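**Q** attaching a predicted model along with its sequence, questions to come.
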Amino acid sequence: DVKVTQSSRYLVKRTGEKVFLECVQDMDHENMFWYRQDPGLGLRLIYFSYDVKMKEKGDIPEGYSVSREKKERFSLILESASTNQTSMYLCASGFSTGRNTEAFFGQGTRLTVV
Amino acid sequence: AQKVTQAQTEISVVEKEDVTLDCVYETRDTTYYLFWYKQPPSGELVFLIRRNSFDEQNEISGRYSWNFQKSTSSFNFTITASQVVDSAVYFCALSENSNYQLIWGAGTKLIIKP
């Protein structure tokens, strides 16, 4: 079974803190994604990566950065956390062969910024 | 403009009833893919089905069935003889051949009462 693991299920951080969300996949997928999920808004893509050290902005990259130093790991960084970044964060991975393959998701990290 | 519309925000039925979740999409591509995902209370999105635009055959998997109709740009999902374990948020998503990103609907929260 594909396994996508996010480092934390729940996080509480203070405004202004630098926050790291980690995601690891074990299926040698080329593509990895970070989404945030908010009620009524569905899933919105923050960043994605199609290869090591490669990244592209999604729909809402402002306030976030990412790092992909190894194929299996994709990190989301909140440089200076703000209360409007309180949300559920979902990591996903998938193969690049055929753009339209399904994505596999981690269990999510519920981040609260106080 | 929203490209995937799940008009039903929340549906509540009694166990053993049949229930249909609607998904209407919009695209100019002739080649595209449609997906359904399930998000149980645990938070992890689970892939259910992928259907490409050239395959309009209905799909059945146990109690789940999907009705793809290009004429109405719809990809509806029916659960027959619903069970409490079907309670979840269900997302419909679109992937266009011209764009690798998944475009998500806002989700439908399904509540199955015992």
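**A** Good, I have the coordinates. Residues are numbered from 1 along each chain as shown, chains lettered A, B, ... in the order given.
**Q** ranges for the strands of chain B?
**A** Along chain B, counting by DSSP state E, strands occupy B:4-5, B:10-14, B:19-21, B:24-25, B:32-39, B:46-52, B:59-61, B:64-69, B:74-79, B:88-96, B:102-104, B:108-113.
**Q** got these as CSV, with distance to residue A:109, mean neighbour count and mean pLDDT columns?
**A** To be clear about C-beta, it is placed using only N, CA and C from the backbone, and glycine gets the same treatment. Formatted as CSV, the strands of chain B follow (distance: least, Cβ to Cβ, whole Å; neighbours: other Cβ atoms under 10 Å in any protein chain shown; pLDDT from 0 to 100):
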stretch, distance to residue A:109, mean neighbour count, mean pLDDT
strand B:4-5, 24, 20, 94
strand B:10-14, 25, 13, 97
strand B:19-21, 27, 18, 98
strand B:24-25, 29, 20, 96
strand B:32-39, 14, 22, 92
strand B:46-52, 17, 16, 90
strand B:59-61, 30, 12, 88
strand B:64-69, 29, 17, 95
strand B:74-79, 27, 20, 97
strand B:88-96, 17, 24, 92
strand B:102-104, 18, 23, 86
strand B:108-113, 21, 17, 96
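**Q** make TSV out of these and add distance to residue A:24.
**A** Formatted as TSV, those follow (distance: least, Cβ to Cβ, whole Å):
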stretch	distance to residue A:24
strand B:4-5	29
strand B:10-14	34
strand B:19-21	32
strand B:24-25	32
strand B:32-39	21
strand B:46-52	19
strand B:59-61	30
strand B:64-69	30
strand B:74-79	31
strand B:88-96	23
strand B:102-104	21
strand B:108-113	29
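**Q** all helices of chain A, in order?
**A** Ranges of helices in chain A, per DSSP state H: none exist.
**Q** distance check, the residue nearest to residue B:44 when sequence neighbours are not counted against residue A:33.
**A** Of all residues not flanking residue B:44 in the chain, residue A:107 sits nearest, at 4.4 Å (Cβ to Cβ, 6 or more residues apart in numbering or on different chains). Counting by Cβ to Cβ, to the nearest Å, the separation of residue A:107 from residue A:33 is 15 Å.
**Q** and these two? Which one has more around it.
**A** Neighbours per residue, other Cβ atoms under 10 Å in any protein chain shown: of residue A:107 and residue A:33, the larger number sits with residue A:33, 26 against 15.
**Q** that one contacts residue A:102, correct?
**A** No. Using Cβ atoms under 8 Å, residue A:33 makes no contact with residue A:102, being 11.9 Å away.
**Q** quickly list what's touching both of those two.
**A** Shared contacts of residue A:33 and residue A:102 (Cβ atoms under 8 Å, 6 or more residues apart in numbering or on different chains): residue A:94.
**Q** and of the strands of chain B, who's closest to residue A:72?
**A** strand B:46-52 (19.7 Å; Cβ to Cβ).
**Q** quick check, that closest one touching chain A?
**A** Yes. Using Cβ under 8 Å from any Cβ of the partner chain, we find that strand B:46-52 touches chain A at B:46-47, B:50, B:52.
**Q** I'd like to know which elements that strand is packed against.
**A** Applying 3 or more Cβ pairs under 8 Å, 6 or more residues apart in numbering or on different chains; DSSP states H and E, we find strand B:46-52 packed against strand B:32-39, strand B:59-61, strand B:64-69.
**Q** what bridges to the residue positioned nearest the centre of chain A?
**A** In chain A, the residue lying closest to the centroid (Cα atoms, centre = their mean) is residue A:34, at 2.6 Å. Using DSSP bridges, the beta-bridge partners of residue A:34 come out as residue A:47, residue A:91.
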